[in-house]
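Trainee: after the sequence you'll find the predicted model.
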Amino acid sequence: MGTVRAVLAGLLTIQAAALGAAEPPTLQVGLATRDITPQGPINLAGYASRKKPADKTDTPLLVQALALRNPDGERFVFVALDNCEVSRAFIQPVIRDLTARHQLAAGAVAVVSSHTHSGPVLDETLADMTETQPAESQQIAKYSRLLRERLVEAADAALADFQPALLDAGAGRATFAMNRRVYQGDKVVFGDNPDGPVDWEVPVLRIRGTNGAVRAILFGYACHGTSVRSGDDWYVVSGEYMAYARQHLEAVHPGATALYLTGMGADCDPAPRGRLVDARRHGLELAGAVMGALDRPMRPVRGGFKIAHEEVDLPLADPPPREQLEKDARSADRHVRLRAESYLKRLDAGQPIPLSVKLPLTALRIGDDLTFLLMGGEVVVDYARRLKRLLAQDHPWTVGYAYEVPCYIPSARVIKEGGYESDSSLIYYGFYGPFRGSIEDQLVNRMASLAASLRSR
Ligand SMILES: [Zn+2]
């Protein structure tokens, strides 16, 4: 009996320690969610071949903010956004406003787009990918205003919701992401490549209050939001598999907010895929992976956060000569034509044409137990794999589509091989490339230095 009592007392001590009863937690966390489901028909972003606006809704779309505060008052905000992506032109006014009003450091507001391909088109983002009628453009402008307002509201509310928080990290695994680069002769085409690289890790961060109740579950996955890609379901507003994963998690943990941070898997698609039922299935698999991680022993994440942020300039190949631009300006392909016309207009006006692309990078380290590595753009999976190997000691969590999406961010291998992520996607982003092959080492080296600058000495 005495032994039982001693064991019980021991267990209670362990539990008290785990709940931070002995030591108050260092970090405070604030949370807020706003609905951004569009009302009425609207064009959806992500596929040039969609022909009409969506007029049905599957899941609601959300913008969710998770704010962190150090004891000295320093703050950082993750904003998880149900949309394909945001451009610099679209998001910078919002970031400037939030940063100034809350006196935040550069890079302290990280909007991470879920990359659902069933969310509305936004102003100034992949503007020429979707051909729209004037009434449709008005609808897009109206929705863009609403999204910006709600995003700011969510960030403001999270920054006013700080409560002491206990953090624990873990990881699961989901296997529906499939590399989509298939080698056909000397070309790379879309398809299922089961031999290609993927990142199946499902990173999880559990956030509890000092009473032990789960307040939030942050999770990620490295895969396109493209479970739906055909039929009537293609014209339905949906948060895709990540929204389903959130719904499943919130059903199992009533009162908790589930938030999704997109990983670096821009050359991976869900497989097999096609309809909304596939998005539901992928969401269930992802939620299962998260629940598995929550059920196993987790790694306490203690201490305050530190952030290192910068913008890099990624060099592009030399732009094509004028003759090529003039030829492209006569192309039957509308996107090829628009890109060439914009270059010719700049040349004629004596304006510079793009020679490089700016990309934001951030390392966010919490104590010695977790480091988020955030990168803008549609980042291919080679970066996730290389950064995780290189920075394993920092407990890395790789995040893509962060801050803004100027284009795909291919690796040296993908640039060498060519294909959509290196070449043809740039038509939709409005500039010529490809990137120079040196960008992979440039990005990895910069990210490694940012992470190293945060290690405790
Ligand atoms: Zn994409």
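Mentor: Cool, the structure landed.
Trainee: what sits against R173?
Mentor: Residues in contact with R173 (C-beta atoms under 8 Å, 6 or more residues apart in numbering) are W200, E201, V202, A289. Quick note: C-beta positions are derived from backbone N, CA and C, even for glycine.
Trainee: what bridges to the residue lying closest to F305 once chain neighbours are set aside?
Mentor: With sequence-adjacent residues excluded and distances taken as C-beta to C-beta, 6 or more residues apart in numbering, F305 is closest to I366, at 4.8 Å. Here I366 sits in beta bridges with F305, L370, going by DSSP bridges.
Trainee: identify the bridge partners of L218.
Mentor: When bridges are assigned using DSSP bridges, the partners listed for L218 are L205, L259.
Trainee: tell me the contacts of it?
Mentor: By C-beta under 8 Å, 6+ apart, L218 lies in contact with L66, F78, V204, L205, I207, A258, L259, Y260, L261.
Trainee: quick one: pLDDT of the second one?
Mentor: Looking back up the chat, that one is F78. F78 is assigned 98 on the pLDDT scale.
Trainee: and the last one, by the same measure?
Mentor: The confidence metric pLDDT takes the value 98 at L261.
Trainee: can you tell me the SS state at P354?
Mentor: Using DSSP: H, G, I helix; E, B strand; the rest coil, the secondary structure recorded for P354 is coil.
Trainee: and the helices in the stretch 351-457 of the chain?
Mentor: 381-390, 412-417, 426-429, 439-453 (DSSP state H, counting those that start in this stretch).
Trainee: what's the third one packed up against?
Mentor: Same thing as helix 426-429. The criterion is 3 or more C-beta pairs under 8 Å, 6 or more residues apart in numbering; DSSP states H and E, and the helices and strands that helix 426-429 contacts are helix 334-348.
Trainee: ok, and what's touching the helix it packs on?
Mentor: For helix 334-348, the external contacting residues (C-beta under 8 Å, 6+ apart) are 48, 128-129, 131, 319, 322, 325-331, 352-353, 426-428, 430-432.
Trainee: pLDDT of it, averaged?
Mentor: Per-residue pLDDT over helix 334-348 has a mean of 94.
Trainee: so which bits of that helix are buried?
Mentor: When neighbours are counted by 16 or more other C-beta atoms under 10 Å, the buried residues of helix 334-348 are found to be H335, V336, R337, L338, R339, A340, S342, Y343, L344.
Trainee: same thing with stretch 226-245?
Mentor: Residues of stretch 226-245 classed as buried by neighbour count (16+ other C-beta under 10 Å): 226-229, 233-245.
Trainee: ditto for stretch 172-182
Mentor: Buried residues in stretch 172-182, counting neighbours by 16+ other C-beta under 10 Å, are found at G172, A174, F176, A177, M178, N179, R180, R181.
Trainee: mind listing which of those are in strands?
Mentor: Those of the buried residues of stretch 172-182 mapping onto strands are G172, A177, M178, N179, R181, per DSSP state E.
Trainee: distance of the nearest residue to E285 once chain neighbours are set aside from H102?
Mentor: Nearest residue to E285, sequence neighbours excluded (C-beta to C-beta, 6+ apart): A174, at 5.0 Å. A174 sits at a distance of 35 Å from H102 (criterion: C-beta to C-beta, to the nearest Å).
Trainee: what's the domain layout of this structure?
Mentor: Domain ranges of the chain: 28-307+358-411, 320-353, per automatic domain parsing.
Trainee: remind me which residues of the stretch 1-150 of the chain are low pLDDT?
Mentor: In the prediction, the stretch 1-150 of the chain carries residues with pLDDT under 70 at positions 1-23.
Trainee: do a quick rundown of the helices in it.
Mentor: 2-18, 88-102, 134-158.
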